[in-house]
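Trainee: here's a sequence, model it:
(chains A and B)
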There are 2 protein chains.
Amino acid sequence: MTHSLTLDAAWDLSVRVLETAGFSPAHAAAISRTIWAGQRDECHSHGLYRLLVCTHTLKTGKVSPDAEPVVSDAGPGLVRVDAKGAYSLLAYETGRPVLIAKAKTVGLAALAINHCYHFSALWPEVEAIAEAGLVAMAMTPSHAWVAPHGGTKGVFGTNPLAFAWPRPEGNPFVFDFATSAAARGEIELHRRAGKPIPEGWGLDRNGNPTTEAEAAMQGAMLTFGGHKGSALSAMIELMAGPLIGDFLSLESMAFDGDTGATPYHGELILAFDPKVFMGPDHVVHSARAEALFDAILGQGARLPSQRRYEARARSLASGRVTIPRKLYDDLIALLDPASPSSPF
Amino acid sequence: MTHSLTLDAAWDLSVRVLETAGFSPAHAAAISRTIWAGQRDECHSHGLYRLLVCTHTLKTGKVSPDAEPVVSDAGPGLVRVDAKGAYSLLAYETGRPVLIAKAKTVGLAALAINHCYHFSALWPEVEAIAEAGLVAMAMTPSHAWVAPHGGTKGVFGTNPLAFAWPRPEGNPFVFDFATSAAARGEIELHRRAGKPIPEGWGLDRNGNPTTEAEAAMQGAMLTFGGHKGSALSAMIELMAGPLIGDFLSLESMAFDGDTGATPYHGELILAFDPKVFMGPDHVVHSARAEALFDAILGQGARLPSQRRYEARARSLASGRVTIPRKLYDDLIALLDPASPSSPF
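Mentor: As a prediction, the model looks like this:
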């Protein structure tokens, strides 16, 4: 059972659910931009479904629904945005133009977002910077669910790394992956379905490899790629944690206590201006990068975001997205119960 | 059969072999600093053994033995060093103080090394920047030996990523890994020993998984960590290639033709000043990072460079390094044959 909405209706539904829950119009719009983009690209776990998570977390009383981000200039190459305990997305949107302006002047620049709750995929953020012609990298910690290589207890977050490279034509080259072997949500899905998880995803409470989803949820997740993935996760933990004066995943988890709220920490976004780096021949060097993509596609391999861009093209062509009927009903229930029948 | 040398004798041997081969004193010293550090840390494949590779590659006539690096200021956050067809190390050493000065002023900065032959591990470079109190990241392409995830033909280099984080006491946190599943030298060692390689290291010429070292050398290597390692390798290829106006691994390989020389390309090094990023509370935030290392070590896991630092401590305590007798004899033979018996 599914429900089909126009893209405009999906937008309106998102904004109305968030505003009804108590988010300020500015936060509701910033959150909706990323949720709408996720639904458009058929990333269902980061689409309209996330409205349930956002509104639930708001009820825990931890997230600010209306704090205005405070921007501060921290040097020629660094802009800091204090999210003041709200979700990260309005802080990101507030800092992005400053980041882009600094990168164009300096060659490269950093945006440090502090004191934010974070639930969103990073690809919409790096993609938006690539749309402005810049190369972008983004990373965050999360909660300390993931054991270091050779260890048995959670220390790292799922610590995603995202990257975007602007292309002369069409969509940018974008990837966004968790440095954990699997997303926590994937393990949760296996648990609910009563299915075993693949080897290499997790350890039980005693530090032994397990294929039981529940045991891994109680024990520790593993990084992808053995000691290399573990090293990369440590880098993200340091760069998007102490370097920007914000929490480690260990500290985010301790701060959360047992409320099960969205992780609370910082985010680091880097931007590089190819016109500065490549110099006067930037058109030539940009074209040379295309040879890399041609060599990958020419042998039948895929680029990281290809599936997502195909979904986007479908959604934009039809002007519609489809969600489970149950999700639709749950979202409608979040609107004022006194309202007339759904306009969506 | 081994031969023991004092650390000073290892240094003198390296400089004399390189100068005898025709390298200028400045290049011989820069190359020796990294080779000596590799031998001290018992990274044998990047120690005195590399002198054989350096002198061999010089004989192919491709590498300049004496080109002076040319530094140019490319913006407030970017310094470029043109290695002019010589090895990368003198260019790196020439650019490093400018990189550090820029990072301290701007908050972060980049060093782009262009037109260099590259044979060295990246950890000595990021470690030296961490010794100056900065966080560092370094990356390079190489030759197009590594297939993208889902593909069958070489496109990426072994594309190493190195990272260093300064610690208030003791050695910095450092990692340096290839984004290929194994180093090319490891596959070569298996080939020489007639041993099968583990699954996941390579594909044969027809794109099928192989455990035959020779078949993988003729076919393609694989990245670590499946599609995530492949995405990371693409990022390194783009950032340390076209972004700095230099070769992709595909172009480095085409440029080499069939001479089997060391790859020729660029290198990107980023530096971040924690004092700028962390702000006035940098001592506090730096101490918080130590909680991450404590949590890793406290559960019996290791930090990435721990083994190397242990080797370093041994070498510094004894004042000596040990190399195979055959290697020692080969190196002595590279000195002027008319010279009196070895002083080493």
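Trainee: I'd like the average pLDDT over the longest helix seen in chain A.
Mentor: Taking DSSP state H as the criterion, chain A has its longest helix at helix A:88-106. If you average the pLDDT over helix A:88-106, you get 98.
Trainee: try stretch A:211-218
Mentor: Averaging the model's pLDDT scores along stretch A:211-218 yields 96.
Trainee: how many neighbours does the closest residue to chain B within chain A have?
Mentor: Closest residue of chain A to chain B, CB to the nearest CB: A:G225 (2.9 Å). In short, each C-beta sits where N, CA and C put it, glycine included. Number of residues near A:G225 (other CB atoms under 10 Å in any protein chain shown) recorded here: 25.
Trainee: check A:P196 too.
Mentor: A count of nearby residues for A:P196, using other CB under 10 Å, gives 12.
Trainee: domains in chain A, by residue range?
Mentor: Domain assignment for chain A by automatic domain parsing gives A:1-59+A:308-344, A:66-180+A:223-304.
Trainee: so the first one, near chain B or not?
Mentor: No - using CB under 8 Å from any CB of the partner chain, domain A:1-59+A:308-344 never reaches chain B; the gap is at least 13.1 Å.
Trainee: so what's the gap between that domain and the chain middle?
Mentor: Computed by CA atoms, centre = their mean, to the nearest Å, the chain-centroid distance of domain A:1-59+A:308-344 equals 17 Å.
Trainee: and A:E199, helix, strand or coil?
Mentor: Counting by DSSP: H, G, I helix; E, B strand; the rest coil, the backbone at A:E199 sits in coil.
Trainee: before we move on, the earlier item: single out the most deeply packed of the domains of chain A.
Mentor: The highest mean neighbour count among those, using mean count of other CB atoms under 10 Å in any protein chain shown, belongs to domain A:66-180+A:223-304: a mean of 22.
Trainee: picking that back up, tell me the contacts of the residue of chain A closest to chain B?
Mentor: A:L232, B:F224, B:G225, B:G226, B:K228, B:G229 (CB atoms under 8 Å, 6 or more residues apart in numbering or on different chains).
Trainee: quick revisit: check which helices and strands the longest helix of chain A is in contact with.
Mentor: Helix A:88-106 sits against helix A:25-40, strand A:70-73, strand A:78-82, strand A:108-117, helix A:123-131, strand A:264-272, helix A:274-278, with contacts defined as 3 or more CB pairs under 8 Å, 6 or more residues apart in numbering or on different chains; DSSP states H and E.
Trainee: the third one pairs with which strands?
Mentor: Taking DSSP bridges as the criterion, strand A:78-82 forms sheet pairs with strand A:70-73 (antiparallel), strand A:108-117 (parallel).
Trainee: by how many degrees do the helix or strand hosting A:L232 and strand A:108-117 diverge?
Mentor: With elements taken from DSSP states H and E, the one containing A:L232 is helix A:226-239. Angle, helix A:226-239 to strand A:108-117, by axes from the mean of the first three to the mean of the last three CA atoms, to 10 degrees: 80 degrees.
Trainee: tell me what whichever helix or strand comes after helix A:226-239 is packed against?
Mentor: Downstream of helix A:226-239, the first helix or strand assigned by DSSP H and E is helix A:249-256. With contacts defined as 3+ CB pairs under 8 Å, 6+ apart, helix A:249-256 has these neighbours: strand A:264-272, helix B:282-297.
Trainee: measure how far helix A:249-256 is from the centre of its chain, please.
Mentor: 19 Å.
Trainee: avg pLDDT for it?
Mentor: 91.
Trainee: cool, stretch A:41-58 as well?
Mentor: Mean pLDDT, stretch A:41-58: 92.
Trainee: same check on stretch A:189-202?
Mentor: 94.
Trainee: my read: A:A103 touches A:A132, true?
Mentor: No - the criterion here is CB atoms under 8 Å, and A:A103 misses it with A:A132 at 9.0 Å.
Trainee: what residues are shared contacts of the two?
Mentor: Common neighbours of A:A103 and A:A132, counting by CB under 8 Å, 6+ apart, are absent.
Trainee: which SS state does A:G260 fall under?
Mentor: Under three-state DSSP, A:G260 falls in the coil class.
Trainee: who's in contact with the closest residue to it other than its chain neighbours?
Mentor: Leaving out its chain neighbours, the residue that sits closest to A:G260 by CB to CB, 6 or more residues apart in numbering or on different chains is A:T60, at 7.7 Å. Neighbour list for A:T60: A:T259, A:G260, A:A261 [criterion: CB under 8 Å, 6+ apart].
Trainee: could you dump the residues you listed to CSV with pLDDT and distance to A:P196?
Mentor: Shown next, in CSV, are the contacts of A:T60 (pLDDT from 0 to 100; distance: CB to CB, whole Å):
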residue, pLDDT, distance to A:P196
A:T259, 75, 30
A:G260, 74, 24
A:A261, 74, 29
